[in-house]
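Give me the fold of what follows.
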Amino acid sequence: MQACTPVNKEIINCISESINVSSHIDADLFTEYNVKRGLRNRDHSGVLVGLTNIGEVIGYSKENGKIVPTEGQLLYRGIDINDLVKGIQKSKRHGFDEVIFLLLTGRLPASEELKIFEGFMAGHREIPGKVVNSFILSLSGRNIMNMLARTVLGLYTLDQETNDLSRYNQVRQSLELTAKFPAIIIYAYFGMRHKYYHEALIIRPPRCDLSTAENFLYMLKGEEYTSLEAELLDLSLILHAEHGGGNNSSFTIRVTSSSGTDTYSAITSALAALKGHLHGGANLKALDMIDDIKENVKDWDNDTELSAYLLKILNKKAHDHSGKIYGIGHAVYTYSDPRAILLKARAGELAKEKGMEAEFRLYENIERLAPLVFAEFKGVKSKILCANVDFYSGFVYTAINIPKEIFTPLFAMARVAGWCAHRIEELNFDAKRIIRPAYKNVFGHKEYIPIEQREAGTIKF
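A predicted model of the protein is given here:
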């Protein structure tokens with residue numbers, strides 16, 4: 001038998017060069033065939049591909065076929081996020097579990113109902129020891145999102161009703177997974193720190209007597225967290241729980257769920273989508289940019305100096321040379337992102353508690369100056385841009401002393417509530433239909449050439 005030849009760099013380079021040619025598509029063809037790239041219209045609004053009862057994101061209206069900017073609105077089951085957050089804050093309690101109930105059921109729970117639900121969720125926080133050992137600690141990795149996805153698939157192996165798509169089973173699996181996300185994230189983080197940085201392995205079992213936000217901080221920091229930190233984390237979880245069916249990860253779970261796959265696989269697909277830096281990793285990009293600005297701008301309160309550096313960023317002469325001011329602008333919101341406004345209001349309080357007022361002012365200055373600098377960059381009188389939630393969430397997590405490795409997993413911990421609601425809605429449509437958009441092939445037709453007539457290849461051994 002002929003021995004196998006090890007794969008060498010020349011093979012990979014050759015295929016890479018071929019792919020560079022075979023995957024190229026002339027940009028003009030997208031216009032010619034009226035392709036909605038990224039499922040977006042030519043005015044950058046989203047293509048309508050479905051209906052939902054769950055969340056609504058409003059950033060503009062359309063008049064005579066033109067987009068008209070409006071103040072941003074976010075609705076959870078028809079309830080304005082401002083009213084929801086202020087109602088929870090007024091009663092001085094944490095509201096993430098209430099939001100989970102709302103997103104799944106479509107209604108706000110009564111007082112006793114909420115207590116029972118909170119007890120149920122708290123009672124399902126622990127993870128089976130065999131899953132912790134096999135999927136988190138023994139196979140510890142550097143990326144918590146990957147470990148989270150792997151552990152979700154690991155939990156599949158212990159479920160005796162994995163492929164049961166009944167409504168009851170969908171809800172059971174959704175609630176149990178949502179309850180377990182905090183412990184998975186924390187265990188994965190400490191497992192990673194222990195394996196790669198030789199730090200002490202810290203495993204604090206979840207507590208049933210704490211809210212979701214408090215329990216997360218307890219598992220991460222022990223008793224060393226403040227009530228304001230817990231309030232800000234709870235607020236962040238609420239604000240990240242849902243954002244309509246069109247955001248990348250929620251749309252992903254609707255696509256995979258439409259095929260009839262199981263809950264665990266569908267949730268894992270959404271985690272894969274959220275992991276991308278253009279989606280769940282956006283606040284890390286904003287935080288890195290802020291750190292770069294701190295190092296290169298001497299006077300954070302000097303508008304001229306700060307504006308000049310922001311212009312350098314736009315001209316791809318500073319930071320990561322991408323030409324992007326991260327955390328500014330949004331695909332839907334125009335004048336304002338309601339999540340950013342709500343988070344910023346409380347972030348100011350946190351800045352005072354942590355002695356970070358100067359840093360918080362820097363964020364405010366960038367938010368104020370960025371639209372002006374962008375208008376100058378584009379050569380227009382004004383530019384409508386707003387800070388999005390990613391701009392301030394990185395500041396909040398840093399002030400709470402949450403490690404950067406946990407930023408995106410924390411997003412997942414919140415958004416899994418919305419994912420589950422969208423999955424259940426997708427599976428419970430009366431007329432089920434797998435999601436299958438069309439792609440136009442523009443490669444052309446070629447004749448088959450017998451192998452003995454083909455030209456010599458370029459790979460050499």
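
domains for the chain, by residue range?
Following automatic domain parsing, one finds the domains of the chain at 73-279+404-427, 282-399.

With mean pLDDT, distance to Gly38 and mean neighbour count added, can I get those in a markdown table?
The way it works is simple: take the backbone N, C-alpha and C, and place the C-beta from them, glycine included. Listed next are the domains of the chain as a markdown table, based on pLDDT from 0 to 100; distance: least, C-beta to C-beta, whole Å; neighbours: other C-beta atoms under 10 Å:
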| stretch | mean pLDDT | distance to Gly38 | mean neighbour count |
| --- | --- | --- | --- |
| domain 73-279+404-427 | 96 | 9 | 19 |
| domain 282-399 | 96 | 9 | 18 |
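
Put together TSV for those domains, with distance to Arg40 on each row.
Shown next, in TSV, are those (distance: least, C-beta to C-beta, whole Å):
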stretch	distance to Arg40
domain 73-279+404-427	10
domain 282-399	8
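
can you tell which of those is closest to Ser45?
Nearest of the domains of the chain to Ser45, taken as C-beta to C-beta: domain 282-399 at 8.2 Å.

gap between the two ends of that closest one?
Counting by C-alpha to C-alpha, to the nearest Å, you get 18 Å between the two ends of domain 282-399.

With stretch 17-35 instead?
26 Å.

quick one on the thing from earlier: of all the domains of the chain, which one is nearest Asn53?
So among the domains of the chain, domain 73-279+404-427 is nearest, using C-beta to C-beta, at 6.5 Å.

Which elements pack onto the host helix or strand of Ala183?
Assessed by DSSP states H and E, Ala183 sits inside helix 167-197. Counting contacts by 3 or more C-beta pairs under 8 Å, 6 or more residues apart in numbering; DSSP states H and E, helix 167-197 packs against helix 96-105, helix 111-123, helix 144-156, helix 212-221, helix 263-275, helix 407-427.

again, only using 7 Å
Counting contacts by 3 or more C-beta pairs under 7 Å, 6 or more residues apart in numbering; DSSP states H and E, helix 167-197 packs against helix 144-156, helix 212-221, helix 263-275, helix 407-427.

any idea how far the most centrally placed residue in the chain is from Phe407?
By C-alpha atoms, centre = their mean, the mean C-alpha position of the chain lies nearest to Gly280, the distance being 2.8 Å. With the distance defined as C-beta to C-beta, to the nearest Å, Gly280 ends up 8 Å from Phe407.

Likewise for Thr398?
Thr398 is 9 Å from Phe407, by C-beta to C-beta.

Find the residues that touch each one of those two.
Here Thr398 and Phe407 share no contacting residue, scored by C-beta atoms under 7 Å, 6 or more residues apart in numbering.

Find the nearest non-adjacent residue to Val35, please.
Closest residue in space to Val35, ignoring its immediate chain neighbours: Lys440 at 7.0 Å, by C-beta to C-beta, 6 or more residues apart in numbering.

could you give the angle of the helix holding Ala183 to helix 111-123?
50 degrees (axes from the mean of the first three to the mean of the last three C-alpha atoms, to 10 degrees).

quick one: helix 167-197 to chain centroid distance?
16 Å (C-alpha atoms, centre = their mean, to the nearest Å).

Surely Phe101 touches Phe117?
Yes. At 5.3 Å, Phe101 counts as touching Phe117 under the criterion of C-beta atoms under 7 Å.

ok, longest strand in the protein?
In the chain, assigned by DSSP state E, the strand with the most residues is strand 66-76.

strands paired with that strand, and their directions?
Note on strand 66-76: by DSSP bridges, its sheet partners are strand 55-63 (antiparallel), strand 79-80 (antiparallel).

Report the angle between that strand and helix 96-105.
Going by the same axes, to 10 degrees, strand 66-76 makes 110 degrees with helix 96-105.

and strand 66-76, how far from the chain's centre?
21 Å.

what's next to that strand, contact-wise?
Applying C-beta under 7 Å, 6+ apart, the contact partners of strand 66-76 are 43, 45, 55-62, 80-81, 84, 99, 102-103, 242, 333-339, 384.

In contact with Leu210, which residues?
Tyr218.

and it, what element?
With DSSP H and E as the test, Leu210 turns up in no helix or strand.

swap in Thr261?
Applying DSSP H and E, one finds Thr261 in no helix or strand.

From Thr226, how far off is it?
From Thr261 across to Thr226, the span is 42 Å (C-beta to C-beta).

Next: Asp164.
Asp164 is 43 Å from Thr226, by C-beta to C-beta.

Next, the contact list for the closest residue in space to Leu284 that isn't next to it in sequence, please.
Closest residue in space to Leu284, ignoring its immediate chain neighbours: Phe407 at 5.5 Å, by C-beta to C-beta, 6+ apart. By C-beta under 7 Å, 6+ apart, Phe407 lies in contact with 283-284, 394, 397.

swap the cut-off to 10 Å and go again
144, 280-284, 287, 390, 393-394, 397-398 (C-beta atoms under 10 Å, 6 or more residues apart in numbering).

before we move on, what about Tyr335?
Residues in contact with Tyr335 (C-beta under 10 Å, 6+ apart) are 59-60, 69-72, 384-386.

need those in CSV with distance to Asn302, can you?
Formatted as CSV, these follow (distance: C-beta to C-beta, whole Å):
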residue, distance to Asn302
Gly59, 32
Tyr60, 34
Pro69, 30
Thr70, 33
Glu71, 30
Gly72, 30
Ile384, 25
Leu385, 21
Cys386, 23
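
Between those, which sits nearest Asp303?
Nearest to Asp303 out of the contacts of Tyr335 is Leu385 (C-beta to C-beta; 16.8 Å).

ok, the residue lying closest to the closest one once chain neighbours are set aside to Lys381 distance?
Of all residues not flanking Leu385 in the chain, Pro371 sits nearest, at 4.4 Å (C-beta to C-beta, 6+ apart). Distance, Pro371 to Lys381, using C-beta to C-beta: 11 Å.

now Glu357
For Glu357, the distance to Lys381 equals 33 Å [C-beta to C-beta].

quick one on the thing from earlier: give me the subset of the contacts of Phe407 lying in helices.
144, 282-284, 287, 390, 393-394, 397-398 (DSSP state H).

Mind picking the two most distant members of those?
Taking C-beta to C-beta, no two of these sit farther apart than Ile144 and Asp390, at 17.8 Å.

Let me know the pLDDT of Asn20.
At Asn20 the predicted local distance difference test score is 82.

so which strand or helix has it?
If you go by DSSP H and E, Asn20 is part of helix 9-22.

Quick one: name whatever helix or strand follows that helix.
Taking DSSP H and E, what comes next after helix 9-22 is helix 27-32.
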